[in-house]
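J.: The following block contains a protein sequence and its predicted model.
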Amino acid sequence: MNSPSTGSRIVIGTRRTQLGPLIKSGGAGSVYLLPDDPNSVAKIYHARVDPPSYADRIEAMLQLRPQLPDQIEGDKRYVQIAWPDATVRDDRGRFTGFTMPVLDVNATSELEQVLQERQARAAGLPVGLGRKVTLAANLASVLAALHTQHHYVVDLKPVNLRFDRATLYIALLDCDGFSIQGRGRRFHAPQYTPDYLAPEYQTRSLDETGEEAQDRFALAVVIFQLLNFGIHPYSGRPAHDGVPTDVASRIRGRCYAYGRSGNSSMLPNPVSAHAMMPVRLRDLFDRAFGDAPATRPSAGEWGNALSLYARPSRGLIVVCDRNREHQHYVGHSCASCAREELLTRAARNAKSRPKPQPPADWIAASRTGRQAYPPKPAQMPPSFGTPPAASPQASLPTHMPRLASFVPVLMLLMVLALPGAIAVIAANIGGADVNYSPGGNCSWFTPDGRYGPTQASPQPCRQCPCTRGEMEEFVQSRAQTDMHVLPAIRVSADEAVLDQRPADEDGIGG
Ligand SMILES: Nc1ncnc2c1ncn2[C@@H]1O[C@H](COP(=O)(O)OP(=O)(O)OP(=O)(O)O)[C@@H](O)[C@H]1O
Ligand SMILES: [Mg+2]
Ligand SMILES: [Zn+2]
């Protein structure tokens, strides 16, 4: 049996019509315009995915809608969630898909695209802290509304989230893949992504009692990335060779380097902004990435906290007095200044020094074929439901085992390419970005994000970009900016915060 396509006659509820032009095809279905309804589209399941198997799920979605109505502003309609509005049947009455509000895909961008500053800049997307906080607040608010109805995204990650560039509204698409609460029955999400999977589900299957905890974890990861130059909370610099190299294993091993009390296995990425975040946000992250899933902040709690920072009237985020493009939390120094200084200094030092050699044990590893780090685990975390389709960050892609056999070759190539890579970093200061680790394995960046010699590393290592004097001067300059009184910011997308709960309820600010 073929699925209906452009020109096919269909029935929407009781209305007879036909499918318009194809917008796009995905793994499960194709999305079509509707000639008689400019505000809706129809998603028609591919015949190969067995459309009738989706009928009960869509029916459950129609019965329990999250309270996220389209936002109408002037003649513009902003879709917050592409939730089903009606079932679609073919001309013989068979279930074949559903209609949902049409999203202006051209006016929206993937959240993934704002994470890396250079990429965001090139695409004309927000780079300022105020807008990123607004995006985070909006995401949390939308998720809170979904959770109120006990629906969960599960595969929550930046490539699955879109936002309207003008308003910063978040738009949730592909909702039929969420975990859906039906009447007396749950329809599970078919996939998840290991880099966004909570530690407790890295070793055992995700069941329905844990889906909200999973969403809370993934939400905190996305917020951390938004507020911290795209840095994943489980990336950083391993303190010893026993630290796994892949993010999923680091989540399982609780290698969160950005907590207020630090981590003995992982040191923070040197350009991280975590030390310049307000305690209130740091505490929320610590609860999200701590050992007790039950204390993970809810989406609503994140929404309340973040919307305070997103509102310019609160003055909790201010413009940097050294660079008008930067914004930072009031009473804290500017993380963008610190990051730029560090990258500039690293680039300058890299230029003026002889080409660094890879550390001795790396060379030994490449000659003997021994791996400097423990090999990746052969087994990926246990899955539930069907395996996902491959995507940039898809969970459990089926081609992974074959890739594993190239790991030793890739590591050798990486060792040989290291000096070149450092030169490229030096030439592209802006692009050096979040993965750059000037200190290699040295501990000049202390776990709580301050700078200076530690017991483990009383001297900067030979890879370290800064001399002790330079580092001290840098620390001094940062201490001084802390004291400046800064002018107030204007974040024009203030109204994009969807959750309009009274701002005073938690007593922050005036
Ligand atoms: N409400 C909408 N309005 C406009 N375009 C949409 C809408 N929903 C989906 N699309 C477009 O159609 C594409 C496929 O939709 P969707 O992701 O729902 O399909 P899918 O088959 O479930 O895909 P996947 O395999 O990624 O899960 C989307 O990437 C998007 O470009
Ligand atoms: Mg889908
Ligand atoms: Zn600054």
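T.: Perfect, thanks for sending it. Numbering: from 1, shown residues only. Ligands and ions are numbered 1, 2, ... in the order given.
J.: Now do the SS call for residue 166.
T.: coil (DSSP: H, G, I helix; E, B strand; the rest coil).
J.: what's near enough to touch it?
T.: residue 107 (C-beta atoms under 8 Å, 6 or more residues apart in numbering). Placement of C-beta: from N, CA and C, glycine included.
J.: domains of this protein?
T.: By the assignment in automatic domain parsing, the chain contains the domains 1-68+90-98, 69-89+99-336+489-506, 341-375+404-482.
J.: least reliable of those domains going by mean pLDDT?
T.: Sorting the domains of the chain by mean pLDDT places domain 341-375+404-482 lowest, at a mean of 45.
J.: separation between the nearest residue to residue 247 once chain neighbours are set aside and residue 226?
T.: Spatial nearest neighbour of residue 247, excluding adjacent residues (C-beta to C-beta, 6 or more residues apart in numbering): residue 195 at 4.5 Å. Using C-beta to C-beta, to the nearest Å, we find residue 195 at a distance of 15 Å from residue 226.
J.: Show me what the strand or helix carrying residue 283 is packed against.
T.: For residue 283, the element it lies in under DSSP states H and E is helix 279-288. Contacts defined by 3 or more C-beta pairs under 8 Å, 6 or more residues apart in numbering; DSSP states H and E place helix 279-288 against helix 211-227, helix 299-310.
J.: what are the C-alpha coordinates of the shortest one, in PDB please?
T.: Listed in PDB are the C-alpha atoms of helix 299-310, where the atom choice follows Å, rounded to 0.1, in the frame of the first residue of the first chain:
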ATOM      1  CA  ALA A 299      11.600  22.500  34.100                       C
ATOM      2  CA  GLY A 300       9.300  24.900  36.000                       C
ATOM      3  CA  GLU A 301      12.000  25.700  38.500                       C
ATOM      4  CA  TRP A 302      14.500  26.400  35.700                       C
ATOM      5  CA  GLY A 303      11.900  28.600  33.900                       C
ATOM      6  CA  ASN A 304      11.300  30.700  37.000                       C
ATOM      7  CA  ALA A 305      15.000  31.200  37.700                       C
ATOM      8  CA  LEU A 306      16.000  31.900  34.200                       C
ATOM      9  CA  SER A 307      13.200  34.300  33.300                       C
ATOM     10  CA  LEU A 308      14.400  36.600  36.100                       C
ATOM     11  CA  TYR A 309      17.800  36.900  34.400                       C
ATOM     12  CA  ALA A 310      16.100  37.200  30.900                       C
END
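J.: C-terminal to that helix, what's the next element?
T.: strand 317-319.
J.: hang on, residue 86 packs against residue 11?
T.: No - in terms of C-beta atoms under 8 Å, residue 86 does not count as a neighbour of residue 11; the distance is 9.6 Å.
J.: picking that back up, more neighbours, residue 195 and residue 226?
T.: residue 226 (24 against 18; other C-beta atoms under 10 Å).
J.: Okay, and residue 87 sits in which element?
T.: strand 86-90.
J.: From the contact count, pick out the helices and strands touching that strand.
T.: strand 9-12, strand 40-45, helix 55-63, strand 95-101.
J.: May I see the helices and strands packed on helix 279-288 arranged in JSON lines, with distance to ligand 2 as well?
T.: Putting those into JSON lines (distance: least, C-beta to the ion, whole Å) gives the following:
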{"stretch": "helix 211-227", "distance to ligand 2": "17"}
{"stretch": "helix 299-310", "distance to ligand 2": "21"}
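J.: Any idea which of these gets closest to residue 157?
T.: helix 211-227 (6.6 Å; C-beta to C-beta).
J.: Can you pull up the residues of this structure that come close to ligand 3?
T.: 320, 322-323, 326, 334, 336-337 (C-beta under 5 Å from the ion).
J.: Identify the farthest-apart pair in those residues.
T.: Going by C-beta to C-beta, the pair spanning these furthest: 322 and 336, at 9.3 Å.
J.: more crowded one of the two?
T.: residue 336 (23 against 16).
J.: For residue 23, the count of nearby residues, please.
T.: For residue 23, using other C-beta under 10 Å, the count is 15.
J.: need the contact list for the residue nearest to residue 247.
T.: 157, 221, 232, 234, 247-248, 251, 393.
J.: Save these as a markdown table, and put in secondary structure too.
T.: Listed next are the contacts of residue 195 as a markdown table, based on three-state DSSP:
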| residue | secondary structure |
| --- | --- |
| 157 | coil |
| 221 | helix |
| 232 | coil |
| 234 | coil |
| 247 | helix |
| 248 | helix |
| 251 | helix |
| 393 | coil |
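J.: State the distance from the residue of the stretch 201-350 of the chain found nearest ligand 1 to residue 251.
T.: Scanning the stretch 201-350 of the chain for the residue nearest ligand 1 gives residue 218, at 16.5 Å (criterion: C-beta to the nearest ligand atom). Note on residue 218: its distance to residue 251, by C-beta to C-beta, is 11 Å.
J.: now residue 235
T.: 11 Å.
J.: So for these two, which sits in the more crowded spot?
T.: Neighbour count, other C-beta under 10 Å: between residue 235 and residue 251, residue 251 has more, with 27 against 21.
J.: Get me the contact residues on the chain for ligand 1.
T.: 23-24, 26-29, 31, 41, 43, 82, 100-103, 105, 173-174, 177, 389 (C-beta under 6 Å from any ligand atom).
J.: I figured residue 240 was touching residue 263, is that so?
T.: No - counting by C-beta under 8 Å, residue 240 does not reach residue 263; the two are 11.6 Å apart.
J.: So which of the two has more stuff around it?
T.: residue 263 (20 against 9).
J.: Tell me the secondary structure at that one.
T.: coil.
J.: and the stretch 151-300 of the chain, which residues reach ligand 2?
T.: Residues of the stretch 151-300 of the chain lying near ligand 2 (C-beta under 5 Å from the ion): 174, 177.
J.: mind running it again at 8 Å?
T.: 174, 176-177 (C-beta under 8 Å from the ion).
J.: Can I get those in TSV including neighbour count and secondary structure?
T.: TSV is the format used below for those (neighbours: other C-beta atoms under 10 Å; DSSP: H, G, I helix; E, B strand; the rest coil):
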residue	neighbour count	secondary structure
174	17	coil
176	23	helix
177	20	helix
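J.: Dump those into TSV; add distance to residue 312 as well.
T.: Shown next, in TSV, are those (distance: C-beta to C-beta, whole Å):
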residue	distance to residue 312
174	33
176	37
177	36
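J.: nearest to residue 7, of those?
T.: So of these, ranked by how close each gets to residue 7 (C-beta to C-beta), first place is residue 176, at 23.9 Å.
J.: right, and that closest one touches residue 58 too?
T.: Yes - counting by C-beta under 8 Å, residue 58 is a contact partner of residue 176 at 6.6 Å.
J.: Overlap of the contact sets of the two?
T.: 84, 98.
J.: ok so the residue nearest to residue 247 is a helix residue?
T.: Yes - under three-state DSSP, residue 195 sits within a helix.
J.: Quickly note the distance from it to ligand 2.
T.: From residue 195 over to ligand 2 the distance is 19 Å, taken as C-beta to the ion, to the nearest Å.
J.: So which residues of the stretch 251-400 of the chain form helices?
T.: 279-288, 299-310, 335-352, 360-368, 400-404 (DSSP state H, counting those that start in this stretch).
J.: which stretch among those comes nearest residue 109?
T.: Among those, helix 299-310 sits nearest to residue 109 (C-beta to C-beta), with 18.4 Å.
J.: angle of that closest one against helix 279-288?
T.: 160 degrees (axes from the mean of the first three to the mean of the last three C-alpha atoms, to 10 degrees).
J.: tell me which strands and helices helix 299-310 is in contact with?
T.: By 3+ C-beta pairs under 8 Å, 6+ apart, helix 299-310 packs against helix 129-148, helix 211-227, helix 279-288.
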